[in-house]
Structures are given as structure tokens and as C-alpha cells.
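Chemist: Need coordinates for the following:
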Amino acid sequence: MGPVRGLKKRKNAENNKSHEDQNASGSGSSEKEGPLDWWDEFSKRINGLQSPAKGLSRFQSIFKMSRKTFDYICSLVREDMMAKSVHCVFNNGTPLSLYDQVAVALRRLSSGESLVMIGDSFGLNHSAVSQVTWRFVEAMEQKGLHHLQWPSTEAEMAAIKLKFQKMQGFPNCCGAVDTTHIMMCLPASDPASNTWLDQEKNYSMVLQAIVDPDMRFRDIITGWPGKMKDWLVFQSSKFNELCDKGERLNGKVLELSRGFDIREYIIGDSGFPLLPYLVIPYEGNELPEQKDEFNKRQRATQMVAQRALARLKDSWRIIDGVMWRPDKHRLPRIILVCCLLHNIVIDMEDEVLENLPLSHNHDDSAYHQQICGTLDINGVHLRDKLSLYLSGRMTS
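Modeler: Numbers count the residues shown, from 1 in each chain. Just a heads-up that it's a prediction; the model follows:
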């Protein structure tokens, strides 16, 4: 995973067993009875939430996941969240159990509603909502990072390449990259806000992600101001550094025919440079048929990254729309955790995936396609070979 600016290792707190025992009976039921019994009781506390979306249960509509996935996330964060002796209670004085805390945090992240609105819905003080959500973010940083990583085995990478090739024919492709903006409302009177003012006159933070064919995030970088161009964000990434050193996208070379071999690479749009390991579309109008066909296939394949970012924002709406004066040091960590949750839902093969909308619109319509224009000669050769192969004029 690429660097997340603002993410620092936090010290592991000592496990407080007595506090864990105290919190185990939150919502009037024992955690040992499991999430089904917990939900029966917890759902009675919820006020004013919408009716279930089509095809989803009330639980799935509220938390954007099934109970199975919810229970798994609780098991991930249990140790870290119960280690801190922080006493959070509902307005009636009942302590929050682990399940209660995870539910509050997930609702805050998935709805994007204000702390006050979440508190009113669940019968909590808004400061308790903030405290619980941040403890959850910290716990997920510690325990969930294995859900966002570059493929570690040849078999895993081979499966990714095969799926990409089945999409539009691209051989030896390892990922698709795209960038989105997390918009913020900042005080215009503060000169420091200008750092975050992007080319469309919005205050924003960039998230750049590389995804696999299943829309799973494999590498991300976030934290940079939205005015930073896509290619500059990519050039600053650990992923690009590893590629330059020959330590990433350095797997098996595919021989298409005698004298024509294809190294591992990823694909992106015209906002990125053409590199030996990053393939972008051809530029220009009235292109030859072979290049035009290449562009159609390339853009159709790259759309998987657009769809992943659109689904991320649709499911975890705290990073959709315009965030009200967020802490710029904490926001990258919140974005990271939203990406982890997105991946966990995929990794768990969650049933909610069947009912999630499939869109590719992840940025406001005011954002226009950036054009980098930088070409590396080895990237030119790679793209031309791929174009020739996809045209059917080269036999594999």
C-alpha cells in the first residue's frame, strides 16, 4: 500500500480486562449472545433512519454490509477498541458494548451525517460519536491493513492478469489507476485554506488508487492537496518509486510472439504519463482504426478504477459530498479506513455487493480530464505492441 500522509504508528495500549468485562453487557444484552441478539436490542434504539433500500435488509441499509461482515470487523478491532479505558455511555447511562461502538462508527462513516445527527439517531452525545469513531479508525489502521496490499504470490497475480485479459483483451495487465477528489468546506478567510484550493476552485484532498478487476484497492496514496496534478501525485508515490527501482511490476514477462514480449504494467487515463509500466490512451483526433480501437478497449478497462472510486464514495459517504472543516491530519486516515472497509466487503464476498449501484462518476462534473503529455520511449514501445496485439495483427 502506498503512503497515507498523516498516518503515524500509534502506541499499543495495554489491554484493560476489567473495562472489557464492563462493556460486554452494553445495549442490555451480552456480547456472548452474538450479533443477532445484539441487533434485536440495538435496533430499538435507532430513531429516524430511512426505510431499507431495495433488495437490502434494514441492517444492510444502515451499515452497508451484512451481519457476517459486521461480526468479522468486530473481531478485527475488538482487542484495540477494548484496550483503552474510555467510558462511553448512551444518554440513559447504559455503557456501549463493542458491537454498539462499531455500529456507531460504521454509521458515521457510511452515512456522512453530522455527529449531532448520528447522536440523535442512536441516543448518544455527539462527543461520544466522535470519540468512538476515531477509536474505530485507529483500530482499523492497526488490524485491517492486510486487506489492502499488493498481490504477494504469483498465483494471486496470475488470477488478476487473467481477469483483466478477459475484460478487453489486455495481456499481463496488473491494475488500473485513477484519482478522485475529497471535497472540503474550509474558511476562505484563512490564508492556509488556499493550499487546498484546486483547479476547479474547490477545497479538496486527493485520493489516488490502483485497483484490481474486482474493484479491490491494491495501493493508495492520499493526503495531497487537490490542486496537485494526477501525474505529480503518482510520481510522489511509493508505488512509482518501487517501479523505478524494478521492485514492483517486475514479474513474468509475457512473450506474445517471437521478438514481442510484454512486461507487467498498469493502465491509467491521460492525466498520467506514458511510462514503461503505465499505459495510457493515444492522444489526438481522427486516429487510425488500430489506435482508436486500442483507446476504446483501454478506456473500458480503466473504468474499473473509476467504478471502484464511485462505489467507495457511495458506500462511505463521509468522504462524498463536501466535508465541513475536517482535520487535514486525520482525514487521510479516515480515507484509508474507508478503503479498507470497501475491500473487506469484497473479500468477505458480502451479499450486499449484488445490490450496490454500478457507477463510474466519482467526481463532481466540474472536474475535467487532465492531460499530462509526458511520454517515455519504452512506454511508447509497450503501448504500440499492445495496440498491434489487440488489433489481431500479432499472434500470441
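
Chemist: could you show me where the strands are in the stretch 151-300 of the chain, in order?
Modeler: Secondary structure of the stretch 151-300 of the chain (DSSP state E, counting those that start in this stretch): strands located at 173-185, 203-211, 217-225, 254-257, 260-262, 265-267, 278-279.

Chemist: can you list the ones you listed in JSON lines and add distance to Glu113 and mean pLDDT?
Modeler: Glycine gets a C-beta too; all of them are placed from N, C-alpha and C. Formatted as JSON lines, the strands of the stretch 151-300 of the chain follow (distance: least, Cβ to Cβ, whole Å; pLDDT from 0 to 100):
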{"stretch": "strand 173-185", "distance to Glu113": "15", "mean pLDDT": "97"}
{"stretch": "strand 203-211", "distance to Glu113": "20", "mean pLDDT": "97"}
{"stretch": "strand 217-225", "distance to Glu113": "22", "mean pLDDT": "98"}
{"stretch": "strand 254-257", "distance to Glu113": "48", "mean pLDDT": "88"}
{"stretch": "strand 260-262", "distance to Glu113": "48", "mean pLDDT": "91"}
{"stretch": "strand 265-267", "distance to Glu113": "36", "mean pLDDT": "98"}
{"stretch": "strand 278-279", "distance to Glu113": "38", "mean pLDDT": "98"}
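
Chemist: right, and these - which one's nearest Ala310?
Modeler: Of all the strands of the stretch 151-300 of the chain, the one in closest proximity to Ala310, counting by Cβ to Cβ, is strand 173-185 (8.4 Å).

Chemist: Does anything pack onto the helix or strand Ile73 falls within? Which helices or strands?
Modeler: Element membership of Ile73, judged by DSSP states H and E, is helix 67-83. Where contact means 3 or more Cβ pairs under 8 Å, 6 or more residues apart in numbering; DSSP states H and E, helix 67-83 is packed against helix 17-23, helix 35-42, helix 58-63, helix 98-111, helix 126-143, helix 331-347.

Chemist: Generate a markdown table for these, with distance to Asp244, mean pLDDT and mean neighbour count as supplementary columns.
Modeler: Below are those laid out as a markdown table (distance: least, Cβ to Cβ, whole Å; pLDDT from 0 to 100; neighbours: other Cβ atoms under 10 Å):
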| stretch | distance to Asp244 | mean pLDDT | mean neighbour count |
| --- | --- | --- | --- |
| helix 17-23 | 47 | 38 | 14 |
| helix 35-42 | 46 | 77 | 17 |
| helix 58-63 | 41 | 88 | 20 |
| helix 98-111 | 35 | 95 | 24 |
| helix 126-143 | 27 | 96 | 20 |
| helix 331-347 | 24 | 98 | 23 |
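
Chemist: okay if I get those as CSV plus distance to Val279?
Modeler: CSV is the format used below for the helices and strands packed on helix 67-83 (distance: least, Cβ to Cβ, whole Å):
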stretch, distance to Val279
helix 17-23, 51
helix 35-42, 45
helix 58-63, 38
helix 98-111, 34
helix 126-143, 33
helix 331-347, 24
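
Chemist: Quick one: closest of those helices to Pro151.
Modeler: Pro151 lies closest, by Cβ to Cβ, to one member of the helices and strands packed on helix 67-83: helix 331-347, at 13.0 Å.

Chemist: send the alpha carbons of the closest one over as PDB?
Modeler: Output in PDB follows, covering the C-alpha atoms of helix 331-347 (Å, rounded to 0.1, in the frame of the first residue of the first chain):
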ATOM      1  CA  LEU A 331      -8.700  12.900   7.000                       C
ATOM      2  CA  PRO A 332      -6.200  10.800   5.200                       C
ATOM      3  CA  ARG A 333      -6.600   8.100   7.900                       C
ATOM      4  CA  ILE A 334     -10.300   8.200   7.600                       C
ATOM      5  CA  ILE A 335     -10.000   7.800   3.800                       C
ATOM      6  CA  LEU A 336      -7.700   4.800   4.300                       C
ATOM      7  CA  VAL A 337     -10.200   3.100   6.700                       C
ATOM      8  CA  CYS A 338     -13.000   3.700   4.200                       C
ATOM      9  CA  CYS A 339     -10.800   1.900   1.500                       C
ATOM     10  CA  LEU A 340     -10.200  -0.900   4.000                       C
ATOM     11  CA  LEU A 341     -13.900  -1.300   4.600                       C
ATOM     12  CA  HIS A 342     -14.600  -1.300   0.900                       C
ATOM     13  CA  ASN A 343     -12.100  -4.100   0.400                       C
ATOM     14  CA  ILE A 344     -13.400  -6.100   3.400                       C
ATOM     15  CA  VAL A 345     -16.800  -6.200   1.900                       C
ATOM     16  CA  ILE A 346     -15.300  -7.600  -1.300                       C
ATOM     17  CA  ASP A 347     -13.000 -10.000   0.500                       C
END
